[in-house]
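Asks: A structural model of the following input is requested.
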Amino acid sequence: MSFKDREKIILEYLRQNREATIEELCTHLFVSAPTVRRDLKSLAEGRKIIRTPGGAVFNSIQWEGTPQELRETKFVEEKDCIAQKCLDLIKDGDTIMVDASSTCLHLLKHLSSKSSIIVITNSTKASFLLAKTGIKTFVSGGEASKTSFGYVGTLAEEFIRKFNADICFFSVSSLTPDGKLTDNSVAENQISKAMIECSKKSVLLLNSQKIGEPFLNTICTIKDIDLIVSERDISGKFPQYKEKFI
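Replies: Numbering: from 1, shown residues only. Predicted coordinates:
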């Protein structure tokens, strides 16, 4: 296995678990301790992780997010399950807003079953995908994010706010146990906030493994959105908001 392959695995492991010992990474990667130490040294020099005496922790401030190419290959079955559930929320003729997350990209792949819908998005990949289906799509301009392939910044936000939607779909990096929706990209979070404010109903698409420690920036809280769609029932973790979970 090359260093590049190990790097992706290490970063994804730390993103999910926040920290890891050298022994844990050896077991996870099936490599020796010296190899892990060299990998961690290289990643620390690139400021992607923070070294600790016995391992490493995830550098959430410096690491803006897992690259889209990697995220698209992770938890594919879970994302498809979430997408199928979301289809039941979309009515023919609806105007929907969709962010540039990999989970929402899975939803877009299933929209051809809907009639006369309009999609408003900041995702560059969404525009190419939907162009093949004939679905009317409006795509913002703005600064292109290197991690999500989505447009961000003032131009993108102003574009989103020109529209009114029936429902918006978005994702985050973490839902904390106390109900905060958090992510590392402040710029992309501003787009999500605009979509929430410009839609009659807001829906969070959440892989159940994303319940955990907060990331850099808080978008909003559970009480600020309407529904949460996950691949399995996680409502028991938030009993006061049980009715919001699908």
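Asks: all contacts plus neighbour counts: C-alpha atoms, from now on.
Replies: Fine.
Asks: Tell me where the model's unsure across the chain.
Replies: 59-74 (pLDDT under 70).
Asks: sec struct for the residue of it positioned farthest from its centre, please.
Replies: Within the chain, the residue lying farthest from the chain centre (Cα atoms, centre = their mean) is Pro34, at 33.2 Å. State at Pro34, reduced to three classes by DSSP: H, G, I helix; E, B strand; the rest coil: helix.
Asks: Surely Gly236 forms part of a helix?
Replies: Yes - counting by three-state DSSP, Gly236 is located in a helix.
Asks: Please report how far it lies from Ala83.
Replies: From Gly236 over to Ala83 the distance is 21 Å, taken as Cα to Cα, to the nearest Å.
Asks: and what of Thr124?
Replies: The value you get for Thr124 to Ala83, if Cα to Cα is used, is 19 Å.
Asks: Which one's more surrounded, these two?
Replies: Set side by side, Thr124 and Ala83 show more neighbours around Ala83, with 24 against 18, by other Cα atoms under 10 Å.
Asks: can I assume that one is in contact with Ser102?
Replies: No - Ala83 is beyond contact range of Ser102, at 11.0 Å (criterion: Cα atoms under 8 Å).
Asks: neighbours around Glu243, how many?
Replies: Residues near Glu243, counting by other Cα under 10 Å: 12.
Asks: typo on my end, it should be Ala56
Replies: Ala56: 23 neighbours (other Cα under 10 Å).
Asks: how near is it to Val36?
Replies: 10 Å.
Asks: which residues are in contact with both of these two?
Replies: Shared contacts of Ala56 and Val36, defined by Cα atoms under 8 Å, 6 or more residues apart in numbering, comprise Ile22.
Asks: Okay, buried residues for stretch 154-170 please.
Replies: 156-157, 159-160, 164-170 (16 or more other Cα atoms under 10 Å).
Asks: can you point me to the longest helix in the protein?
Replies: In terms of residue count, the longest helix belonging to the chain (DSSP state H) is helix 3-17.
Asks: my read: Ala187 touches Gly153, true?
Replies: Yes - with contact defined as Cα under 8 Å, Ala187 reaches Gly153; the gap is 6.1 Å.
Asks: I appreciate the help and will end here.
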